[in-house]
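Trainee: Here's a sequence, model it:
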Amino acid sequence: MLKKASIVLLIATVCLFTGCNKHPQQTKQPSAKESENTMTKQNSEAKPAATGNVTKGATKVRISTSKGDIVVELNAEKAPITCANFLQYVQDKFYDGTIFHRVIKGFMIQGGGMTADMRLKDTRSSIANESQNGLKNDRGTIAMARLPDPDSATSQFFINHGNSDFLNYGVRDAGYAVFGKVVEGMDVVDKIAAVPTKPGDVPLETVLIKSIRVE
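Mentor: Coordinates of the predicted model:
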């Protein structure tokens with residue numbers, strides 16, 4: 001009994017210091033098997049990822065939500081592939097009517113892929129992971145969510161609510177690509193992060209992304 005208790009304590013300690021279950025992975029459908037089939041189908045039918053160049057100057061986008069507006073400055077110099085991909089979704093108005101579907105106070109708020117009724121939207125093809133660009137997952141930065149495959153990000157993104165060094169390249173795995181930072185509306189991020197959640201870190205109230213537009 002003592003040995004078993006020691007093992008449980010060790011696992012809990014490892015989780016505390018490594019951030020177990022704190023991966024901003026792209027959200028799948030509730031049923032694991034259905035989800036796997038859905039993602040396979042989406043990947044086979046997905047439109048090509050955006051490959052066009054973006055202006056290397058500071059591009060800002062306004063994320064209008066049901067809790068207020070967040071203005072993000074993109075860093076196309078450090079994350080050209082990620083910014084081009086994100087801006088293609090913005091241009092297509094893909095994000096309009098999606099939600100922040102995963103919220104963990106002190107960690108991050110994640111959205112950009114699910115509708116208000118928790119349906120996963122069809123996406124473009126996945127993109128290369130630019131986590132080695134030197135940008136860190138600090139409070140107020142925006143980064144791409146992905147599956148365990150490092151090069152699997154599509155549309156879903158997250159805004160860091162706290163400093164998450166363990167999400168940076170080389171700390172624990174391939175890392176998560178940061179591609180910009182919040183320059184206005186961090187108080188709105190705080191409001192969203194404070195929304196009560198149910199199992200799965202799903203907000204109990206709908207936090208709607210009304211639109212995302214280039215400023």
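Trainee: Look at the nearest residue to Gly134 once chain neighbours are set aside and give its secondary structure.
Mentor: In this structure, Gly134 finds its nearest non-sequential neighbour in Lys78, 6.4 Å apart by C-beta to C-beta, 6 or more residues apart in numbering. From N, CA and C alone the C-beta is placed, and that goes for glycine too. Using DSSP: H, G, I helix; E, B strand; the rest coil, the structure places Lys78 in coil.
Trainee: okay but Lys78 is in contact with Lys136, surely?
Mentor: No. Checked against C-beta atoms under 8 Å, the pair Lys78 and Lys136 is beyond contact range at 11.0 Å.
Trainee: my guess is Ala174 contacts Asn129, does it?
Mentor: Yes. Contact criterion C-beta under 8 Å: Ala174 and Asn129 qualify, at 5.9 Å.
Trainee: shared neighbours of these two, anything?
Mentor: Pro150 (C-beta atoms under 8 Å, 6 or more residues apart in numbering).
Trainee: So for the two, which residue has more residues nearby?
Mentor: Between Ala174 and Asn129, Asn129 has the larger neighbour count (other C-beta atoms under 10 Å), namely 21 against 15.
Trainee: so what's that one closest to, chain neighbours aside?
Mentor: Spatially, and ignoring its direct neighbours in sequence, Asn129 is nearest to Pro150 (4.3 Å; C-beta to C-beta, 6+ apart).
Trainee: Find the nearest non-adjacent residue to Gly162, please.
Mentor: Once flanking residues are discounted, Gly162 sits nearest to Gly106: 4.7 Å by C-beta to C-beta, 6+ apart.
Trainee: Give me the number of neighbouring residues for the one you found.
Mentor: Residues within reach of Gly106, counting by other C-beta under 10 Å, total 11.
Trainee: That one contacts Ser164, correct?
Mentor: No. Gly106 lies out of contact with Ser164 (C-beta under 8 Å); the separation is 9.5 Å.
Trainee: which parts of the one helix or strand Arg62 maps to are buried?
Mentor: For Arg62, the host element (DSSP states H and E) is strand 59-65. Going by neighbour count (16 or more other C-beta atoms under 10 Å), the buried part of strand 59-65 is 59, 61-65.
Trainee: before we move on, what about stretch 87-103?
Mentor: Residues 87-90, 94-95, 98-103 are the ones in stretch 87-103 that count as buried (16+ other C-beta under 10 Å).
Trainee: Likewise for stretch 207-215?
Mentor: Neighbour-count burial for stretch 207-215, counted by 16+ other C-beta under 10 Å, picks out 207-209, 211-212.
Trainee: possible to save the residues you listed as CSV with secondary structure and pLDDT?
Mentor: Shown next, in CSV, are these (DSSP: H, G, I helix; E, B strand; the rest coil; pLDDT from 0 to 100):
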residue, secondary structure, pLDDT
Val207, coil, 98
Leu208, strand, 98
Ile209, strand, 98
Ser211, strand, 98
Ile212, strand, 98
